[in-house]
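> The following block contains a protein sequence and its predicted model.
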Amino acid sequence: MNQCVLCGKSSDEIPLIPFEYKGNQHYVCTAHLPALLHKPEIFADKLAGAGEDWVGEHDHE
């Protein structure tokens with residue numbers, strides 16, 4: 001069953017939005033979508049292989 005990578009809630013509990021990172025598909029719930037967009041570094045320890053790639057400044061051109 002698919003779950004939000006941050007809180008672990010399933011699609012039975014809350015809508016989930018799929019996203020891909022480093023070739024792997026993950027899910028984030030609608031409650032945590034703003035965190036994924038504005039503070040992605042909090043997901044780093046939840047995603048395999050994310051590590052330091054998500055830490056630091058983000059360039060938005």
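Alright, I've got the coordinates. Bear in mind that the values here come from a model prediction, so they are computed numbers and not experimental data.

> separation between residue 31 and residue 22?
24 Å (Cβ to Cβ, to the nearest Å). Every residue, glycine included, has its C-beta placed from N, CA and C.

> ok, now residue 33?
Distance from residue 33 to residue 22, counting by Cβ to Cβ: 19 Å.

> Can you tell me the SS state at residue 8?
Here residue 8 is recorded as coil under DSSP: H, G, I helix; E, B strand; the rest coil.

> Could I get the phi/psi values of it?
Backbone dihedrals for residue 8, given as degrees, to the nearest 10, come out at phi 80, psi 0.

> residues near it, how many?
10 (other Cβ atoms under 10 Å).

> From residue 23, how far off is it?
With distances taken as Cβ to Cβ, residue 8 is found 22 Å from residue 23.

> Name the nearest residue to residue 31, ignoring sequence neighbours.
residue 14 (6.5 Å; Cβ to Cβ, 6 or more residues apart in numbering).

> Spell out the residue ranges of the helices in the chain.
Listed in chain order, the helices of the chain (DSSP state H) span residues 33-38.

> For it, just list every one of the strands.
Remark: strands of the chain, listed N- to C-terminal, are 16-21, 24-29; assignment by DSSP state E.

> Quick one: list the elements packing against the last one.
Counting contacts by 3 or more Cβ pairs under 8 Å, 6 or more residues apart in numbering; DSSP states H and E, the secondary-structure elements packed against strand 24-29 are strand 16-21.

> Give me the distance between the strand it packs on and the centre of its chain.
7 Å (Cα atoms, centre = their mean, to the nearest Å).

> swap in stretch 36-48?
Mean C-alpha position of stretch 36-48 versus that of the full chain (Cα atoms, centre = their mean) differs by 5 Å.

> ok so, going back, neighbour-wise, which of residue 31 and residue 22 wins?
Set residue 31 next to residue 22 and count neighbours by other Cβ under 10 Å: residue 31 wins out with 13 against 10.

> can you tell me which residues contact that one?
Contact analysis of residue 31 by Cβ atoms under 8 Å, 6 or more residues apart in numbering lists 4, 7, 14.

> Hmm, the first one is touching residue 28, no?
Yes. Here residue 4 reaches residue 28: they are 5.6 Å apart, a contact under Cβ atoms under 8 Å.
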